[in-house]
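Trainee: predicted structure and sequence below. I'll ask about it afterward.
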Amino acid sequence: GGGRPSSRLIIFSAPSGSGKSTIVNWLMQEHPELKLAFSISCTSRKPRGTERDGVEYFFVSPQEFRERIDNDEFLEYEEVYEDRFYGTLKAQVDKQLAAGQNVVFDVDVKGGINIKRFYGERALSIFIQPPSVDELRRRLEGRATDAQSVIEDRLAKASYELSFASQFDKIVINDDLAKAKQETLEAIRTFLEGKKA
Ligand code: ADP
Ligand code: 5GP
């Protein structure tokens with residue numbers, strides 16, 4: 001891994017519906033001084049809606065994903081469902097770090113823990129936790145982007161994901177949104193200043 005020693009990694013993981021996108025998008029829009037840039041992962045799922053190759057993800061076939069695994073191109077990867085892979089490309093992270101950006105990861109809990117393990121002190125791992133699973137249900141239903149069966153799948157996965165929270169550097173409980181945003185911002189500022197988060 002190259003890159004300027006000053007550029008760092010900020011990892012976000014959370015059960016779906018916790019408010020991770022809301023908080024991360026706010027940080028990226030309102031705090032350009034943090035020089036945050038999204039990590040672009042590779043996936044074998046098909047693009048959705050307006051997603052473009054090389055923007056949200058690098059889209060490849062399951063076979064190409066497997067070839068890249070064999071070539072040891074991934075820092076970490078997960079096969080979420082059969083033939084549906086997601087992974088972080090080493091070369092992509094190195095490139096973004098070398099450009100002086102602080103790279104933001106939105107990955108599942110296992111991916112988050114693996115990236116933290118690899119980068120150690122250079123990475124800050126943040127778990128965005130909902131106040132309760134009942135509240136998570138209300139938010140997913142309120143967001144109205146998923147079918148009821150998808151919401152049930154996400155909720156079933158949530159308690160498993162919540163059991164990993166203590167393995168993250170920082171847990172932000174997203175009850176009051178304004179407070180959660182500030183707490184996340186402070187943790188990142190402290191970390192980027194080089195002090196202990
Ligand atoms: P995630 O990215 O973790 O899946 P989202 O950021 O899409 O979650 O948030 C899920 C829903 O909950 C959205 O409709 C969002 O507006 C809402 N939300 C986020 N934070 C809060 C909060 N603190 N209180 C109430 N609703 C929230
Ligand atoms: P989606 O298909 O909705 O874009 O993403 C599904 C899930 O894959 C999300 O929970 C997201 O955090 C996770 N994910 C995206 N990229 C990666 C990655 O590179 N590695 C891992 N481990 N998970 C990822």
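Mentor: Yep, that arrived. Computed from a predicted structure; not experimentally measured. Ligands and ions are numbered 1, 2, ... in the order given.

Trainee: write out the residues of the chain neighbouring ligand 2.
Mentor: Counting by Cβ under 6 Å from any ligand atom, the residues of the chain close to ligand 2 are 41, 45, 76, 78, 86-88, 106-108, 111. The C-beta positions use only the backbone N, C-alpha and C, and glycine is treated the same way.

Trainee: I'd say residue 23 and residue 173 touch.
Mentor: No: Residue 23 lies out of contact with residue 173 (Cβ atoms under 8 Å); the separation is 11.7 Å.

Trainee: intersection of neighbour lists for the two?
Mentor: Shared contacts of residue 23 and residue 173 (Cβ atoms under 8 Å, 6 or more residues apart in numbering): residue 180.

Trainee: ok, these two, which is more surrounded?
Mentor: residue 23 (22 against 15; other Cβ atoms under 10 Å).

Trainee: doesn't that one belong to a helix?
Mentor: Yes: counting by DSSP: H, G, I helix; E, B strand; the rest coil, residue 23 is part of a helix.

Trainee: in space, what's closest to the most centrally placed residue in the chain - neighbours in sequence excluded?
Mentor: When Cα atoms, centre = their mean is applied to the chain, the residue found nearest the centroid is residue 106 (1.3 Å). Nearest-residue entry for residue 106: residue 12, 5.4 Å, with adjacent residues in sequence omitted and distances by Cβ to Cβ, 6 or more residues apart in numbering.

Trainee: what is the neighbour count of residue 7?
Mentor: Residues contacting residue 7 under the criterion other Cβ under 10 Å number 18.

Trainee: roughly how far does it sit from ligand 1?
Mentor: 24 Å (Cβ to the nearest ligand atom, to the nearest Å).

Trainee: my read: that residue touches residue 95, true?
Mentor: No: at 11.1 Å, residue 7 and residue 95 do not qualify as touching, with contact defined as Cβ under 8 Å.

Trainee: now the closest residue to ligand 2 within the chain. Nearest residue, chain neighbours left out?
Mentor: Evaluated by Cβ to the nearest ligand atom, the chain has residue 111 as its residue closest to ligand 2, separated by 2.4 Å. Residue nearest to residue 111 in three dimensions, not counting chain neighbours: residue 76, with 5.0 Å by Cβ to Cβ, 6+ apart.

Trainee: doesn't that neighbour belong to a strand?
Mentor: Yes: secondary structure of residue 76 (three-state DSSP): part of a strand.

Trainee: pull the contacting residues for residue 10.
Mentor: Counted by Cβ under 8 Å, 6+ apart, residue 10 has contacts 36, 102-105, 123-124, 126, 188, 191.

Trainee: please consider this matter closed, and thank you.
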